[in-house]
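Undergrad: Just need the structure, nothing else, for what follows:
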Amino acid sequence: MTDDRRLEDAVRSAVAQGWLPATTTVPQPDERPWPVVLLTALGAWLAAIPLFVVVGLLFGSVLRLGAGPYFLGAIVLGGAVVALRSAKLPLFVEQMIVPALIVGAALFAWGTYRDLPPTLAAVVLAVVALACAFAVPRPWLRVVLGAAAATLVALAWLPWHGIWSAPSVLRFWTAWHLDLLLWLLAGRAATRALADGARARIASALESLRVGWLLATLVGLAWWSGMTFLVGATLSPGPLADIIGRSDGGAAGSGAMAVVRIASLALAVGAAAWAGRRWPSMRSPAGAGVALVLVVLAWFMPALGGTLLALAACATGKRWRLAATAAVTAAWIVGGFYYQLAWPLATKAMVLVAAGVALGVLAWASSRASTAAAPSTGAAAPPPRWNLGGSVSLPIDRLGIVATALLVVIAANVAIWQKEDVIANGQPVYVLLAPVDPRSLMQGDYMRLDFRLPPEVAADLGGLLDRSRPHVVARRDAATGVATLLRLHKGEPLAGDELRIELTPAHGDWVLVSDAWSFAEGDAPRWSRARYGEFRVDAKGRALLVGLRGQHLEKL
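TA: A predicted model of the protein is given here:
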């Protein structure tokens, strides 16, 4: 049964029992498939670009006047809202009007940010977005405008000078949690409006607005937590994640960070209480144990508490799509704990391993309890089994777990064997490190590397989607092993002193094997003297970075 059908049945039952007025109706969803709506939104953004140019060419002199942006913005925005209020608007016409809505809002934003302080301008624009959302009876547009309003409310808390400083990062945390509080309060208002048949339209508008508002809030919390585990291997964590990693350690003992951690802990406890009140199973020992593990993690990860509260609210309300989004956000935040450089690697490992072991034990104990209770109830059918021959059989689910584990072990060992083969049989090659800014050389427990490719190679590489992994040709000095990168390999025969090295994609570009070197904490002075990267390269061009060498190729 879909969520819409459940909502219809719930409203019909509530009306039949007298809990809701007889005039209460369920807001009708958009009949168009979501891919059509998504393409409409993308087309609107693209169409807004030439429309900006047209407005600038026709009304450039008016825009330079004091009230020009407000006058034109009000006309374009008001006209778009009036047109979008039509109940039977063709899709093509809607695609033409939505860009006008974007342009009108942009003109109004230009004027407000020009004439008002940034905080007040963000608040005014958030009010305009909410007013447009209530005026336009398009659920998908209300979702977009709700997300825009939530983002503007968060931006209103940020100072526009020193935005990447540690205090601003903490204010950013406060801003997104204020958005979360407003989302919860709007939920209460929507429930009360739904109980009054005369205000059903308000409830409908709030429903779509809250979806966009929560989506923006979850994205903001995930962004605040920084890059998540493994994703950081291909995408740069960015300035915000770097500031969080540094400020967290410096503020770990400060009052501000302590308050943030306590607030996250309290929100996680509130999420557990919310779920326990709605779901009796959460009051069992296993459910309480899971809640305790998540509460402890919320102390280490300040963005997790609010996310868990949103997850509890959506899951207990059977808003499964939003609950799934909140669950993905929580997983992202937990993965981002790896990049919090203020915590030692050993501490991070112990926290995550302890949480995983605790959850595994709780799952095992819960499965044993349910298995023991099954014969007494007689309701649960035995799980299907796979006959392995004779009297030996395994449940299908356990067989799948075993098969998956075996595949993971096989894949990991094959990768290890390949790398060990390159290390054992590859020839040693040393490549000069390009100059690196010493202020950004050391970042916690890894070093940023840069092996500069020749300009003609970089110009000929193209993007990541243009080709399979390219190879660069290098000339190796027989006496020292130092390699000079020459050109891009295009299938031509190599000279006796030449070899090819496979390039690796990273951060949207091609790099020589790796752009980072990890080391034990406290060893930064040792590795800061590195001047060469030490590689092992096999006959097929596969290469591994196995070490760093000093100015005279000495071991560090």
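Undergrad: Which stretches in the stretch 151-300 of the chain count as helices?
TA: Remark: helices assigned in the stretch 151-300 of the chain by DSSP state H, counting those that start in this stretch are 166-195, 200-225, 238-250, 255-278, 285-300.
Undergrad: Remind me what the first one packs against, helices and strands.
TA: Using 3 or more Cβ pairs under 8 Å, 6 or more residues apart in numbering; DSSP states H and E as the contact test, the elements touching helix 166-195 are helix 139-155, helix 200-225, helix 238-250, helix 255-278, helix 304-316. For glycine as for every other residue, the C-beta is placed from the backbone atoms N, C-alpha and C.
Undergrad: how would you label Pro428: helix, strand or coil?
TA: Assigned with DSSP: H, G, I helix; E, B strand; the rest coil, Pro428 falls in the strand class.
Undergrad: ok, now how distant is the spatially closest residue to it that is not a sequence neighbour from His489?
TA: Nearest residue to Pro428 in three dimensions, chain neighbours excluded: Gly481, at 5.1 Å (Cβ to Cβ, 6 or more residues apart in numbering). According to Cβ to Cβ, to the nearest Å, Gly481 stands 20 Å off from His489.
Undergrad: Which parts of this structure are strands?
TA: Ranges of strands in the chain, per DSSP state E, are 385-389, 392-395, 427-432, 442-443, 446-448, 471-476, 483-488, 498-502, 504-506, 509-511, 516-518, 532-537, 543-549.
Undergrad: what residues are up against Ala434?
TA: Shown in contact with Ala434 (Cβ atoms under 8 Å, 6 or more residues apart in numbering): 450-452.
Undergrad: Might you list the low-confidence residue ranges for the stretch 101-250 of the chain?
TA: Along the stretch 101-250 of the chain, the model assigns pLDDT under 70 to residues 159-169, 193-200, 229-250.
Undergrad: if we go to 90?
TA: Scanning the stretch 101-250 of the chain for pLDDT under 90 picks out 101-119, 133-141, 155-175, 186-208, 222-250.
Undergrad: How confident was the prediction at Leu311?
TA: Leu311 carries a pLDDT score of 94 in this model.
Undergrad: And Leu58, by the same measure?
TA: On the pLDDT scale, Leu58 gets 69.
Undergrad: change the start of the numbering to 496 and stick with it
TA: I'll keep to 496 as the first residue from here, and by that count the last item is Leu553.
Undergrad: was I right about Ala700 contacting Ala630?
TA: No. At 9.1 Å, Ala700 does not count as touching Ala630 under the criterion of Cβ atoms under 8 Å.
Undergrad: between the two, which one's more packed in?
TA: The neighbour count for Ala700 versus Ala630, taken as other Cβ atoms under 10 Å, is higher for Ala700 (22 against 15).
Undergrad: how many neighbours does the residue nearest to that one when sequence neighbours are not counted have?
TA: Among residues not flanking Ala700 along the chain, Phe629 sits closest, at 5.0 Å (Cβ to Cβ, 6+ apart). Counted with other Cβ under 10 Å, the neighbours of Phe629 add up to 14.
Undergrad: Arg580 versus Phe629, what's the distance?
TA: 11 Å.
Undergrad: Same question for Val754.
TA: Distance of Val754 to Arg580, given as Cβ to Cβ: 45 Å.
Undergrad: repeat for Leu713
TA: On the measure of Cβ to Cβ, Leu713 and Arg580 end up 30 Å apart.
Undergrad: and what of Pro564?
TA: Distance, Pro564 to Arg580, by Cβ to Cβ: 24 Å.
Undergrad: Next, the contact list for the residue lying closest to Ala617 once chain neighbours are set aside, please.
TA: Take Ala617 and drop its neighbours on the chain: the residue closest to it by Cβ to Cβ, 6+ apart is Ala651, 3.9 Å away. Listed by Cβ under 8 Å, 6+ apart, the contact set of Ala651 reads 613-615, 617-618, 621, 670.
Undergrad: cool, Ala600 as well?
TA: Contact analysis of Ala600 by Cβ under 8 Å, 6+ apart lists 568, 572, 620, 623-624, 627.
Undergrad: if we go to 7 Å?
TA: By Cβ atoms under 7 Å, 6 or more residues apart in numbering, Ala600 lies in contact with 572, 623.
Undergrad: Minimum distance to Val967: which of the helices and strands packed on helix 661-690 has it?
TA: Of all those, helix 733-745 sits nearest to Val967, with 28.1 Å by Cβ to Cβ.
Undergrad: For the residue nearest to Leu980 when sequence neighbours are not counted, grab the count of nearby residues.
TA: Once flanking residues are discounted, Leu980 sits nearest to Ala969: 5.1 Å by Cβ to Cβ, 6+ apart. Neighbour count for Ala969, taken as other Cβ under 10 Å: 25.
Undergrad: Quick check, Ala969 in contact with Thr979.
TA: Yes. At 6.3 Å, Ala969 and Thr979 qualify as touching, with contact defined as Cβ atoms under 7 Å.
Undergrad: rewinding a little: compare Pro564 and Arg580 (neighbour count), which wins?
TA: Pro564 (23 against 12).
Undergrad: one step back: Val903: which of the contacts of Ala651 is nearest?
TA: Closest approach to Val903 among the contacts of Ala651 (Cβ to Cβ): Ala670, at 40.6 Å.
Undergrad: for that closest one, what are its contacts?
TA: Ala670 makes contacts with 649, 652-653, as judged by Cβ under 7 Å, 6+ apart.
Undergrad: And for Gly682?
TA: Residues near Gly682 by Cβ under 7 Å, 6+ apart: Arg705.
Undergrad: any idea how far it is from Val706?
TA: Applying Cβ to Cβ, the value for Gly682 to Val706 is 11 Å.
Undergrad: Using the record's domain definitions, break this structure down for me.
TA: Listed domain ranges for the chain are 726-862, 917-1044 (source: automatic domain parsing).
Undergrad: And the helices in the stretch 846-995 of the chain, which stretches?
TA: With DSSP H, counting those that start in this stretch, the ranges of helices along the stretch 846-995 of the chain come out as 891-920, 933-936, 950-956.
Undergrad: least reliable of the ones you listed going by mean pLDDT?
TA: The minimum mean pLDDT among the helices of the stretch 846-995 of the chain belongs to helix 933-936 (a mean of 41).
Undergrad: who's in contact with Leu665?
TA: Residues near Leu665 by Cβ under 7 Å, 6+ apart: 751, 755.
Undergrad: go again using 6 Å as the cut-off
TA: By Cβ atoms under 6 Å, 6 or more residues apart in numbering, the contact set of Leu665 is Ala751.
Undergrad: Look up how far Val754 lies from it.
TA: 9 Å.
Undergrad: out of the helices of the stretch 646-795 of the chain, which comes closest to Gln1046?
TA: Gln1046 sits nearest to helix 733-745 of all those, at 28.8 Å, using Cβ to Cβ.
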